[in-house]
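Asks: Sequence and predicted model, in that order:
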Amino acid sequence: MRASPGLRIGISQRLTMTPQLLESVRLLQHAAADLNRYVDEQLASNPFVDRTAPEHRDPKAAPLDSWSDTSVLWARPQAGSESFTDEIEADRPDLRAHLTEQAHVDLAPGDRTTAELLIDLVDANGYLTGFDPLEIAESSRTTVADVLRVLGRLQTFDPPGVCARSLAECLRLQLALRESVPPKLAILIDHLDVVAEGDEDELCAVLDVSTGDLQALLVELRSLNPRPGQAFASQREFLGAPDVVATPSADGWRIELNPQCFPRIYADRAGYQAVRGHSRAVTDDGALGRQWQEAAWLVRALRQRAQSVYRVASVLVRVQDDYVRHGAGHRRPLSLRTVAELVDLHESTVSRVVANKTMATPRGTLPLRSFFDRQLRGTDGQTVHSPSAVRARIQAIVAAEGPAHPPMSDQQIVGALADSGIRVARRTVAKYRRMMRIPSAAGRRRLMKRAPSRAGTTQPAAP
C-alpha cells in the first residue's frame, strides 16, 4: 500500500475561547486582593476606566456607565467603621507571578496558555486544585497529553514541590532534586497515613528497619516542605474580609456583597467620544477604540462576576441552612452539579465562583467551598448523609467513651454508625478518625490509664 498526498474535507466541533473569555474565567476565581490589584492595573493603563461616575454621562450608555445591579444587595460596614477589615503593610512576592515568570522563560510560546490555566489552579500552599486535564485541554485547544506534559514542566519550577496534586507527590518532587536519597524514604512516603497515626511498630515492619533507622528516615522526611507555596504567600491581605455577608431575616437569609471585594468601576463613554472627536484623533491607529472596548468589557465582566457570586451564595445558604445555623455536623450532601442546575450555570463556572471566596455568617466566616460535601448512602439505601455529619457522629461516639464505656475499635464504630442508619466502611472510619486527630482504640486506652494517675497526684485525697 503506497502513501500519496490528498485532501480530505470533514466537519468537527472544537471549543474556542477568546482572550477576553479566558480573562473572564480568571476573574471569576480571583480572590478579593487579586481582583483589586487587577482593577488597579486597568485604572492605571486605561483612561476610560474610573472608580467614580463620569460627570457627563451618556443616557444611552447607562448599562455601561455603572455595573451595579438592582438584584444585588451591597453590604455596608457597621457604624463608626470605614471598612470590614484591616491590611498588613508588607508585601511578599506573589506565587502566581513567580510561576508565570518562569513559564515565560522556560516554556515555548505554544505551551504558555496551557501553563497559565494550570497556574490559575495553584492554591496558596502550592498545590494544584480542581485539576481536570480534559477541561484544560479544551480551554487551551490542545490535547490531554500536552496538558500533562506542560504540568510535568511546571512541577520542575521553583519552589520545589510546586504544582503537586497530593502531599505524597509534593514530597516526591522535592526528593527528585536531591543527589542522594535513602531508598526506604520513598517507601515511607507511600505510608504517610501510618506516619500521621504515629504507629512506629507498623512502620518498622513495613520498611524492615530498626527503630533507630526509622527515626533517621522520619528526620529526613520532616526536612521536606509540605507547603512549598507558603514562602510566597502575600502578607498584604484583608483580614476577616468576607466576600459575601449572610444575615438572618424574617423569610430566611439576607445575602449581601462586600463592596471591598467587588470593586465598582465606570466606563466613560462621553470622555471617549470627546477624545475621538478631537481633531488630533484623526490619525489614531485604533488604540482608542480598543481601549474603549476593553473598558466596556471589564465593566460587563465585573458585573457578571458579582451577579454569579450573588446567585451561587444565595443558593448555598438556602440549601445549607442547618449548616450555617448549627455547624458542620448538620451539613447536607451537596455537589457542584446540583448548584449548577439550580443557578443555571456550568459546573466549572460554579467551581470558579466559589474558589477563594468566603461568607460571613453569625457563626463566623466560612469558605464557600465548605458548603459542598459528597453523599454517603444510609443503611436503607435511600437516606444520604454527608461526611461532615458522619465525622461529627464519630466524634460524639469517642467523646462518650469512659470507664463505663471502653474505647471502641474502628470496626465497632462501624457497627455503632450502622445502628444509627449510617453505612460506611472500616477504612472510612479510620480515615475520618485520623483527619480529626483521634488516636486509635489502643491509643485512647493508654490515655485513659494515664489520666487517673495524673489526677491522683495533682489533687491528694482529704484525710
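Replies: Right, received. Where do you want to start? Numbering: from 1, shown residues only.
Asks: so how many other residues sit close to T247?
Replies: By other CB atoms under 10 Å, the residues close to T247 number 12. Heads up, the C-betas are built off the backbone N, CA and C, glycines and all.
Asks: Please disregard the earlier target; I meant D158.
Replies: 12.
Asks: OK, contacts around it?
Replies: For D158, the contact set (CB atoms under 8 Å, 6 or more residues apart in numbering) comprises 98, 102.
Asks: can you check V390 too?
Replies: 376, 417, 422, 424, 428, 432.
Asks: And it, how far from Y432?
Replies: 7 Å (CB to CB, to the nearest Å).
Asks: and what of S139?
Replies: For S139, the distance to Y432 - CB to CB - is 35 Å.
Asks: again, but for N356
Replies: According to CB to CB, N356 and Y432 sit 26 Å apart.
Asks: which sections of this protein are below the confidence cut-off?
Replies: For the chain, the stretches flagged by pLDDT under 70 are 1-3, 12-20, 53-93, 233-240, 278-285, 374-386, 450-463.
Asks: Domain map for it?
Replies: As assigned by automatic domain parsing, the chain contains the domains 13-89+238-371, 95-232, 376-442.
Asks: The stretch 1-150 of the chain: helices as residue ranges?
Replies: Shown for the stretch 1-150 of the chain, the helices assigned by DSSP state H, counting those that start in this stretch span residues 19-29, 32-45, 62-65, 95-106, 109-119, 133-139, 144-154.
Asks: so the second one versus helix 95-106, what angle?
Replies: Spelled out, that is helix 32-45. 60 degrees (axes from the mean of the first three to the mean of the last three CA atoms, to 10 degrees).
Asks: which parts of the longest helix belonging to the chain are buried?
Replies: As assigned by DSSP state H, the longest helix anywhere in the chain is helix 287-319. Under the neighbour-count criterion of 16 or more other CB atoms under 10 Å, helix 287-319 has 288, 291-292, 294-296, 298-303, 305-306, 308-317, 319 buried.
Asks: nearest spatial neighbour of V324, skipping sequence neighbours?
Replies: T361 (5.1 Å; CB to CB, 6 or more residues apart in numbering).
Asks: Could I get the buried residue list for stretch 408-415?
Replies: Those would be 408, 410, 413-414, for stretch 408-415 by 16+ other CB under 10 Å.
Asks: ok, now stretch 25-37?
Replies: Buried residues in stretch 25-37 (16+ other CB under 10 Å): 25-36.
Asks: Repeat that for stretch 341-354.
Replies: 342-343, 345, 348-354.
Asks: ditto for stretch 104-112
Replies: In stretch 104-112, the ones that count as buried by 16+ other CB under 10 Å are 107, 111-112.
Asks: Likewise for stretch 219-231?
Replies: 220-221, 224-229.
Asks: and if you look at stretch 197-217?
Replies: 197, 199, 203, 206-207, 209, 214, 217.
Asks: Give me the most central residue, this structure.
Replies: Centroid check for the chain by CA atoms, centre = their mean gives A355 as the closest residue, at 4.6 Å.
Asks: separation between that residue and D243?
Replies: 11 Å.
Asks: what does D193 give?
Replies: D193 is 34 Å from D243, by CB to CB.
Asks: Give me the more crowded residue out of these two.
Replies: With neighbours defined as other CB under 10 Å, D193 and D243 compare such that D243 has more, 26 against 13.
Asks: Just want to check the distance between that one and Y38.
Replies: D243 is 15 Å from Y38, by CB to CB.
Asks: Quick one: the helices in the stretch 151-300 of the chain, in order.
Replies: Under DSSP H, counting those that start in this stretch, the stretch 151-300 of the chain gives helices at 167-175, 183-189, 192-197, 200-207, 211-222, 269-276, 287-319.
Asks: wait, I meant the stretch 301-450 of the chain
Replies: Using DSSP H, counting those that start in this stretch, helices in the stretch 301-450 of the chain cover 321-326, 336-343, 347-354, 387-399, 410-419, 426-435, 441-458.
Asks: Could you dump those helices into TSV with distance to R96 added?
Replies: Formatted as TSV, those follow (distance: least, CB to CB, whole Å):
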stretch	distance to R96
helix 321-326	31
helix 336-343	23
helix 347-354	15
helix 387-399	30
helix 410-419	41
helix 426-435	29
helix 441-458	41
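Asks: T365 is nearest to which of those?
Replies: helix 321-326 (11.6 Å; CB to CB).
Asks: Report the buried residues of that closest one.
Replies: Quick answer for helix 321-326 (16+ other CB under 10 Å): 323-324.
Asks: Could you shift the numbering so residue one becomes 13, and keep it that way?
Replies: Sure, I'll start counting at 13 from here, so that last one is helix 333-338.
Asks: Show me what it is packed up against.
Replies: If contacts are counted by 3 or more CB pairs under 8 Å, 6 or more residues apart in numbering; DSSP states H and E, helix 333-338 sits against strand 264-269.
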